[in-house]
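Enquirer: What follows is a predicted structure for the sequence shown.
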Amino acid sequence: MKKLLKSIGLVLSTALVMVACSSQEKDSPLSLFPVRRGNIFSYIDPTGKIIVNPQFKEATVFKNGLALVQTFGKKPGWGFITAKGDFAIKATYKEATIFSENLAWVVAENGAPEAINAQGEIKFKLPVAKSVRVFKNGLAAFCVTADSTHVKWGFVDKTGVIKIKPQFSAVANFSEDKCAVETATGEWSYIDPNGKFITTTKYTSAKDFVNGKAIVASGNRWGVIDEKGNYVIKPQFSDMKADKDGYIIKANNKWGWCDEKGKTDIEPQFADAYPFGKYKLAPVKVGTKFGYINKKGKMIIAAQFDSALPFNGKLAWVEQGHKGGFIDKDARYQISPLYDSIAVDLKAYLQTGTSAFETVNSDYFDLDAIVSRIKNDITENTIAGMNFSTPMSYIFRKYKKLETDFIRTASEHAIIKAERISNDATLDFFILGTPWNEKYSGNLTFTYTLKPHYQHSGFSYRVKLTGKAIGKEDLILKTLETALKGYSKDTKHSNENVTILQSKKQLIIGLKQSGIVIAAIYPVNAENLQMIDLNYGDGLELDSTVVESTTNTNTGKP
């Protein structure tokens, strides 16, 4: 089996970070093309001969002798094939990336991203990641959940060590030991592999370094900087894409080309344009049709195609009338237009040198992180190191609160709000009761003083769930029930949605509803026992059975 040369192009940011891709130098000509007829992909060689029979739901370009493919079935799986069509790594994964720098990311059902080698061996897992991208310059970008609507990006190395902690709003990928990152202010700059900023200028947007230069935007205009951040082409174009030794430029809503110093080579005149790369012809759009020009801007192949892509070797993909094939430099079909499409991955590769499959999303539900956060706070006598007599002054110091942080007439006081405990869960923590005396001082105003020797009514944890955690409320509650030491279960008053646990001094009422799990802790006294009896049953006596406790809440994937 002929081993294909590895791509020497350096990718830019994916759509996740909304950084436009630049064009990059392509490999030597591809030996196999993934093409689609109907809804099934096969692989053909440059003569049009079918090498791998039609059988795949999705297919990618071969890299290092392997191609990522998706199978059909009730649960379509992703795996890797050889150039003969044999599976080198079985299609058992829910998601997968292409191989890059000899590693690929895979995600099993209910699993976290795993980095594997070409033999399918797991090198390490990254359970903290919400999403992760392929390795570039020895580092892979990954994100974690920051809050309900935002993520933070960092980088992990090829041994699984987090080299740059998640801190950026968005990132590109490393290229030439530099990476564009977006800070909390919405501005872009560049960092080195240690996470240190290497440019002081901030940009509206920024692309990858290619041959010592990078395309950046200032306001709504694009230019080019060198490695020191100095402009070699001042911001003047409405868009730019790298093309080997020059750039595709956009001005007045038309595309053309300039050289590496910004001198216009081909006047902007085309509705769209793709790179020359290392070839002599480039596809351009004139009106509604595509043709090919040479580097002087002369139309060599008339604009006649509905779509057209850059050359790879002696062939270029074109489409006419909803069918596509491959033409040569003289516009003669070398592979007849029999196909409905080529793979989206091949399109990305031809246009930008990148892949459409460079990112995976975690399918992991981190039960242990959620349960451990509460379990580690609760003993049979205390809650977060406190009890029902803990003075409010101590709570103010511990949680860095002021009296003015609380609504003093309320009976529920938040001392922790929206603490992120996993990618799919946040936690709120409350004191229950009214620790303040209220005194009317006239003129419709009141004064408040802390009650001496105050006894809190209770404490409450509220876990809000998103993503993979939705629907796991029952599992969380049941796992917490067995994880807490020193408690027995009140089987008489517990039901499908309520779990009641009791130690000698504390009662825990666990409640669940869609997207929320609550654990409220109260002192054991006659009033609270009566409250449980009235709210959850009509028995007069607790009918408890001891629940075996365990400190190991890592029960695996649900």
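Expert: Perfect, I can see it now. Numbering: from 1, shown residues only.
Enquirer: Could you give me the buried positions within stretch 34-50?
Expert: Using 16 or more other CB atoms under 10 Å as the test for burial, stretch 34-50 gives P34, V35, R36, F41, S42, Y43, I44, P46, G48. The C-beta positions use only the backbone N, C-alpha and C, and glycine is treated the same way.
Enquirer: tell me the mean pLDDT over that stretch?
Expert: If you average the pLDDT over stretch 34-50, you get 98.
Enquirer: what's next to that stretch, contact-wise?
Expert: Here stretch 34-50 makes contact (CB atoms under 8 Å, 6 or more residues apart in numbering) with 29-33, 51-61, 67, 69, 83, 85, 313-315, 326, 334-336, 338-343, 345-346.
Enquirer: ok, now stretch 401-408?
Expert: Contacts of stretch 401-408 (CB under 8 Å, 6+ apart): I395, F396, H413, I415, T434, W436, E438, Y448, L450.
Enquirer: give me every residue that touches the most centrally placed residue in the chain.
Expert: In the chain, the C-alpha nearest the mean C-alpha coordinate belongs to S131, at 2.7 Å (CA atoms, centre = their mean). By CB under 8 Å, 6+ apart, the residues touching S131 are L16, F142, C143, V151, T359, V360, N361, S362.
Enquirer: Spatially nearest residue to the fifth one (excluding sequence neighbours)?
Expert: Taking CB to CB, 6 or more residues apart in numbering as the measure, T359 lies nearest to R133, with 5.0 Å between them; neighbours along the chain are not counted.
Enquirer: Would you agree that neighbour is in contact with W153?
Expert: No - R133 is beyond contact range of W153, at 9.4 Å (criterion: CB atoms under 8 Å).
Enquirer: Could you tell me which residues touch both of these two?
Expert: A141, F142.
Enquirer: follow-up on the earlier one: so for the residue nearest to the centre of the chain, what's the pLDDT?
Expert: pLDDT, read off for S131, is 97.
Enquirer: Okay, domains of this structure per the record?
Expert: 15-361, 367-546 (automatic domain parsing).
Enquirer: tell me how far the last one is from the chain's mean position?
Expert: If you compare the mean C-alpha spot of domain 367-546 with that of the full chain, they lie 33 Å apart, counting by CA atoms, centre = their mean, to the nearest Å.
Enquirer: model confidence over it, on average?
Expert: What domain 367-546 shows for mean pLDDT is 90.
Enquirer: helix or strand for K478, which one?
Expert: helix 473-483 (DSSP states H and E).
Enquirer: From the contact counts, what lies against that helix?
Expert: Contact analysis of helix 473-483 by 3 or more CB pairs under 8 Å, 6 or more residues apart in numbering; DSSP states H and E lists helix 367-375, strand 458-465, strand 498-502, strand 506-513, strand 516-523 as its packing neighbours.
Enquirer: mind putting those in TSV, mean neighbour count and distance to D405 included?
Expert: Converted to TSV, the helices and strands packed on helix 473-483 look like this (neighbours: other CB atoms under 10 Å; distance: least, CB to CB, whole Å):
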stretch	mean neighbour count	distance to D405
helix 367-375	21	22
strand 458-465	22	17
strand 498-502	22	30
strand 506-513	21	26
strand 516-523	20	21
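Enquirer: With respect to V106, which of the ones you listed lies nearest?
Expert: V106 lies closest to helix 367-375 among the helices and strands packed on helix 473-483, at 21.2 Å (CB to CB).
Enquirer: ok so, going back, how about the helix holding K478: buried residues?
Expert: Using 16+ other CB under 10 Å as the test for burial, helix 473-483 gives E473, L475, I476, L477, T479, L480, E481, T482, A483.
Enquirer: so which of the residues you listed comes closest to E114?
Expert: Nearest member of these to E114, counting by CB to CB, is L475, at 22.7 Å.
Enquirer: re earlier: wait, which of the helices and strands packed on helix 473-483 is closest to K125?
Expert: Closest of those to K125 is helix 367-375, at 13.5 Å (criterion: CB to CB).
Enquirer: tilt between that closest one and helix 473-483?
Expert: 60 degrees (axes from the mean of the first three to the mean of the last three CA atoms, to 10 degrees).
Enquirer: ok, and for whichever helix or strand comes after helix 367-375, which residues are buried?
Expert: Per DSSP H and E, the first helix or strand lying C-terminal to helix 367-375 is helix 392-399. Buried positions in helix 392-399, judged by neighbour count with 16+ other CB under 10 Å: M392, I395, F396.
Enquirer: One more: stretch 333-343?
Expert: Buried, per 16+ other CB under 10 Å, within stretch 333-343: I335, P337, Y339, S341, I342, A343.
Enquirer: Tell me, how many residues neighbour E267?
Expert: E267 is flanked by 14 other residues according to other CB atoms under 10 Å.
Enquirer: Repeat that for T264.
Expert: T264 has 12 neighbouring residues, counting by other CB under 10 Å.
Enquirer: One more: L427?
Expert: 20.
Enquirer: So what sits opposite it in the bridge?
Expert: E419, V463 (DSSP bridges).
Enquirer: In contact with it, which residues are there?
Expert: R373, I374, I416, A418, E419, I421, Y461, R462, V463, K464.
Enquirer: ok, 7 Å please
Expert: Contacts for L427 were tallied using CB atoms under 7 Å, 6 or more residues apart in numbering; they are R373, I416, E419, I421, Y461, V463.
Enquirer: just S494 next, same as before
Expert: I500.
Enquirer: same thing with the one 4 residues further on?
Expert: The contact partners of V498, by CB under 7 Å, 6+ apart, come to I509, G510, L511, Y536.
Enquirer: now, among those residues, which is nearest to Q119?
Expert: Closest approach to Q119 among those (CB to CB): G510, at 45.6 Å.
Enquirer: The contacts of V498: which two are farthest apart?
Expert: Longest span within the contacts of V498, CB to CB: G510 and Y536, 11.5 Å.
Enquirer: In space, what's closest to S393 - neighbours in sequence excluded?
Expert: L450 (7.7 Å).
Enquirer: actually T201, not the one I wrote
Expert: Of all residues apart from its sequence neighbours, G229 sits closest to T201 (CB to CB, 6+ apart), at 5.1 Å.
Enquirer: Compute the distance between the one you found and S169, please.
Expert: 20 Å (CB to CB, to the nearest Å).
Enquirer: more crowded one of those two?
Expert: S169 (19 against 15).
Enquirer: That one reaches V181, doesn't it?
Expert: No - applying CB atoms under 7 Å, one finds S169 not in contact with V181, separated by 8.2 Å.
Enquirer: Filter the contacts of stretch 34-50 down to just the ones in helices.
Expert: Counting by DSSP state H, the part of the contacts of stretch 34-50 found in helices is D345, L346.
Enquirer: Are any of the contacts of stretch 34-50 buried, and if so which?
Expert: Buried among the contacts of stretch 34-50 by 16+ other CB under 10 Å: 30-33, 52, 56-61, 67, 69, 83, 85, 315, 326, 335, 339, 341-343, 345-346.
Enquirer: Which members of these occur in strands, if any?
Expert: Assigned to strands by DSSP state E, the following of these qualify: F33, V52, F56, E58, A59, A67, V69, F326, I335, Y339, S341, I342.
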